[in-house]
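Novice: Here is my input, please return the structure:
(2 chains)
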Amino acid sequence: AQSVTQLGSHVSVSEGALVLLRCNYSSSVPPYLFWYVQYPNQGLQLLLKYTSAATLVKGINGFEAEFKKSETSFHLTKPSAHMSDAAEYFCAVSPSGSSASKIIFGSGTRLSIRP
Amino acid sequence: DAGVTQSPTHLIKTRGQQVTLRCSPKSGHDTVSWYQQALGQGPQFIFQYYEEEERQRGNFPDRFSGHQFPNYSSELNVNALLLGDSALYLCASIRGQDTRSYEQYFGPGTRLTVT
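Specialist: Got it, this is the predicted structure:
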């Protein structure tokens, strides 16, 4: 069965510092992988997605993620954190070849930004 | 272009009651999925509707049922409410036949509280 594991339920970084949110996946078939962001009292917004094209994926708001098959990882990074990046981040996986398939989410990582 | 809309925003019900939540997909989308997000957790897939039929279902009891209308909007019904049903219910939509897009758009959610 497919699943994702997010390492660290809470990450705190200083403004301007590197953001690194970790995600490992488990899948028996080539997966589609996603990072979503959720601001307080709001729905989910797609940051970026991996769909078996380039392994380095660039998303919105300066975020990017690298698909590493050998490590079964899809970590999210941003070179310089902004206060506005404070939110909950979810890594997610879905079977490939099916655009409308269900999405399986990780438990989330809350990102805090220190001034 | 309106995105995914959900109603109501908030809802308070008593144990044993029934509730209906509503979702209107993004313009041009014909597939609707429902997710339950308990406090502090990632969203969990409930079911998906396409062409007015349930196409996929997650691990949720039969108390959870749904419907899709000819205009692609959808309802989620929950019978015999339990305290554990308290959660944010998210609706997501996608154009089911567009395998190139692979982005499900999420609504802001309905916050259900069961007392």
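
Novice: Quick check: nearest residue in space to the residue of chain A found nearest chain B, chain neighbours excluded?
Specialist: The minimum distance from chain A to chain B, using Cβ to the nearest Cβ, falls at A:F105 (3.4 Å). All C-beta atoms are positioned from the backbone trio N, CA, C, and that covers glycine. Residue nearest to A:F105 in three dimensions, not counting chain neighbours: B:G42, with 3.4 Å by Cβ to Cβ, 6 or more residues apart in numbering or on different chains.

Novice: quick one: contacts for residue 113?
Specialist: Because you didn't say which chain, this covers chain A. Counting by Cβ atoms under 8 Å, 6 or more residues apart in numbering or on different chains, A:I113 makes contact with A:12-15, A:81-83, A:85-86.

Novice: um, chain B though
Specialist: Per Cβ under 8 Å, 6+ apart, neighbours of B:T113: B:10-13, B:86.

Novice: Work out which residue lies at the spatial centre of chain A.
Specialist: Computing the C-alpha centroid of chain A and ranking residues by Cα atoms, centre = their mean puts A:W35 first, at 3.1 Å.

Novice: the strands in the chain, which residues?
Specialist: All of this refers to chain A. Ranges of strands in chain A, per DSSP state E, are A:3-7, A:10-14, A:19-26, A:31-38, A:44-50, A:56-58, A:64-68, A:73-78, A:87-95, A:104-105, A:109-114.

Novice: The chain in question should be chain B.
Specialist: Under DSSP E, chain B gives strands at B:5-7, B:10-13, B:19-24, B:31-37, B:44-50, B:53-57, B:64-68, B:74-78, B:87-94, B:105-106, B:110-114.

Novice: Partner strands of the last one, with direction?
Specialist: Same thing as strand B:110-114. strand B:10-13 (parallel), strand B:87-94 (antiparallel) (DSSP bridges).

Novice: That strand relative to strand B:31-37, how many degrees between them?
Specialist: In terms of direction (axes from the mean of the first three to the mean of the last three Cα atoms, to 10 degrees), strand B:110-114 departs from strand B:31-37 by 40 degrees.

Novice: Give the buried residues for strand B:110-114.
Specialist: Buried residues in strand B:110-114, counting neighbours by 16 or more other Cβ atoms under 10 Å in any protein chain shown, are found at B:110-112, B:114.
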